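Colleague: this is a predicted model, with the sequence first.
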Amino acid sequence: MSHTHFIGIAGIAMSAVALLLRQKGESVSGSDEGMYPPASEILPAAGITISSPYAAANIPPETTRIVIGKTAKVNADNPEFQEALRRQQEGSVVIQSYPEVLADATAGRHNIVVCGSYGKSTTASLAAWMLTHAGIDAGYMLGARALNFAGNSHVGTAAPFVMEGDEYPSSNMDDRAKFLHYAPSTVILTSAQHDHPNVFPTHADYLKPFQQLLAKLTPDQLLVACADDAHAMALLPQTKARVVTYGTTAGDYRVENPTFGATSTFMLSKNGTPLCEISTHELGLHNMQNMAGAGAALLEDKLLTPAQVVAALAAFKGVKRRMERLNPTGSIPLYEGFGSSADKARSAIAAMRLHFPDNRLVVVFEPHTFGWRNPVNLPDYDTAFTGADELFVYPPHAGAGLLSHQEILARLQTSFSGNLHPLGENLPANLATLQEHLEPKDVVLLLTSGDLGGLIPPLAELLTR
C-alpha cells in the first residue's frame, strides 16, 4: 500500500489535501515546525500522524510519495527535506507539490476551478455549498472554512469537484502557478487585480499565469468571468473556451434590484430576463457578485436549477473571516473581514456602509501582508479606508525596506478624513484604547489576515457583554 508524507502539513491547503487522500483510503502522515488549529485538531481526528519539529525519522519507511509545502524550509538546515531528497535520489519516493497531488486526486472529475485576486474562497464555498444543499455529494478543496461545512475539504462521490485555483507558485521547486496543474471543466474568474507583489512585481507579471490558464482552455470548457473587473475582461481574448460573464453592473448573469438589510435580496437575471429572486444573510454587493458567479457556473453547467440556487443561498452561513460576525448577541456589532489587500478592505468597508448607514464605522486594521508593507503600494492607503469614521492601526512586522508603522500613519494623516489612532503591541493597552473610544451606535470592522496581536478573541468577548 502506498504511503504519502507531507512536509509542512499544517497549512490550510496542505492539510486539506492530506484529508482528501485520507478520505480516499490512502495512508498519510505529516510534519511541521509547529502545529496549530485547525490542522492540529482535524488531522489527528482523521487518523493522520503528525510530527514536530522536522526530522529525518519523521518520514515512515513505507513512504512512496512526499509532498513538500511552499512554506516548508527547503535547505540544508531541514534534515527532513534532506532525507526526502536522499530517498528521491535512490528512487524509493516521488516528491510532489500539493497542486500535483490534488490534480491526481481529481483526475476525471467535473472540476470547477475558481481563480482570481479576490473572491476565490467565498465563490468556491458558495458553489460547493449549493451543490451539497441540492443533494449532490460534490468534492471540494477550499482555501478558507465555509461555516456550512465541518472542514475545508471533502472527496465526494459525485462527479463535480470545486477547488480554489491559486496563481501563486506551486512550491519552492516548481514556479508554475498552482492552477496550471488542474484539469478544469469550468473556470470561474472573479478578478485580476494586481496581487502578491513580492512574487509578481508588476501587473503584467501577475497576469501571465492567468493568460496561460485561459490559453489552455478548449471550446468544450466553460469560462465564467466577472464583467465588473476590467482586467478579467481584458483576458478573455486569450481563450477559446465558451465564455459567460456575470456582474453587478454588466454581464450575461446580472445582479439587479439589490436591497440591503438583516436579510438582503436581489434578482438574478440572464440576458435581461429574470431568473430568480435570491435572499441572503451575507453582507455587501461584492457577496452578491460572488453568488452571481457561482450561480452562473452551476446553471450553465446544468448542475442546478434556479430553484435549487435560491434554496441553497438562503441557507448559506458564510465563510470564516470573510465578513463574519464575531458577536451575534453584542449591542455593538463586530465583524471580521479578510483585509489582506486594499481592494478587499474597500469591499468590506463598502459592505458595512450599505448595511449600517446610520452607524459610526470603527475599523481596526493590521498591515499584515507584504502588499500592505510594500512602499510601492503606499498610495493605496489614500483610499483604502474611505467610509470609516475611526481607524485604529496596529503596527506591522518590521522588515528591511518595508513600510514602518510611522510611515503608514504619516500617509494616513494626510489622506484619511476620520479620526486616526495608533495601536501598540501591548494587548491590554490596545483593548483599553478601543473600549475608551467606542460609542453605543458604533459598528466595528476588523481588517487583517493576521491576529492583531491576539486582540480578536478578547474584543469579541468584550463586545458580547
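Modeller: In hand now; what should we look at?
Colleague: pLDDT below threshold where in the chain?
Modeller: For the chain, applying pLDDT under 70 flags the ranges 1.
Colleague: residue nearest the middle of it, spatially speaking?
Modeller: residue 121 (3.9 Å; Cα atoms, centre = their mean).
Colleague: SS state for that residue?
Modeller: Here residue 121 is recorded as helix under DSSP: H, G, I helix; E, B strand; the rest coil.
Colleague: just to check, it is in contact with residue 143?
Modeller: Yes: taking Cβ atoms under 8 Å as the definition, residue 121 is a contact partner of residue 143 at 4.9 Å. Every residue, glycine included, has its C-beta placed from N, CA and C.
Colleague: residue 449 versus the residue nearest to the residue nearest to the centre of the chain when sequence neighbours are not counted, what's the distance?
Modeller: Leaving out its chain neighbours, the residue that sits closest to residue 121 by Cβ to Cβ, 6 or more residues apart in numbering is residue 144, at 3.8 Å. With the distance defined as Cβ to Cβ, to the nearest Å, residue 144 ends up 11 Å from residue 449.
Colleague: what sits in contact with each of these two?
Modeller: residue 338 (Cβ atoms under 8 Å, 6 or more residues apart in numbering).
Colleague: tell me the contacts of the residue nearest to residue 121?
Modeller: 12, 121, 122, 125, 152, 319, 320, 321, 322, 338.
Colleague: for the residue nearest to residue 221 when sequence neighbours are not counted, grab the count of nearby residues.
Modeller: Distances taken as Cβ to Cβ, 6+ apart put residue 241 closest to residue 221, at 4.7 Å, once the chain neighbours are dropped. Applying other Cβ atoms under 10 Å, we find 22 residues neighbouring residue 241.
Colleague: what about the helices in the stretch 201-350 of the chain?
Modeller: Shown for the stretch 201-350 of the chain, the helices assigned by DSSP state H, counting those that start in this stretch span residues 203-216, 230-234, 285-300, 306-314, 342-355.
Colleague: run a quick neighbour tally on residue 167.
Modeller: As a burial measure, residue 167 scores 24 neighbours (other Cβ under 10 Å).
Colleague: oh, that last question was meant for residue 306, not what I typed.
Modeller: 16.
Colleague: give the contact list for it.
Modeller: Residues near residue 306 by Cβ under 8 Å, 6+ apart: 268, 275, 276, 299.
Colleague: gap between it and residue 276?
Modeller: According to Cβ to Cβ, residue 306 and residue 276 sit 4 Å apart.
Colleague: assign a three-state SS to residue 413, would you?
Modeller: Under three-state DSSP, residue 413 comes out as helix.
Colleague: please work out how many residues are found near it.
Modeller: Neighbour tally, residue 413, other Cβ under 10 Å: 9.
Colleague: the closest residue to it other than its chain neighbours sits in which helix or strand?
Modeller: When the adjacent residues along the chain are set aside, residue 413 lies closest to residue 420, with 6.1 Å between them (Cβ to Cβ, 6+ apart). Here residue 420 is covered by strand 419-422, with elements defined by DSSP states H and E.
Colleague: centre of the chain to that strand, how far?
Modeller: Offset of strand 419-422 from its chain centre (Cα atoms, centre = their mean, to the nearest Å): 28 Å.
Colleague: in stretch 102-110, what counts as buried?
Modeller: 102, 103, 105, 106, 109, 110 (16 or more other Cβ atoms under 10 Å).
Colleague: oops, could you answer that again for stretch 234-251 instead?
Modeller: Buried residues in stretch 234-251, counted by 16+ other Cβ under 10 Å: 235, 238, 239, 241, 243, 244, 245, 246, 247, 248, 251.
Colleague: ok, now stretch 335-344?
Modeller: Within stretch 335-344, the residues that qualify as buried are 335, 336, 337, 338, 339, 340, 341, 342, 343, 344, counting by 16+ other Cβ under 10 Å.
Colleague: which of the residues you listed lies closest to residue 412?
Modeller: residue 342 (12.5 Å; Cβ to Cβ).
Colleague: hang on, isn't that closest one packed against residue 379?
Modeller: No: if you go by Cβ under 8 Å, residue 342 and residue 379 don't touch, sitting 9.3 Å apart.
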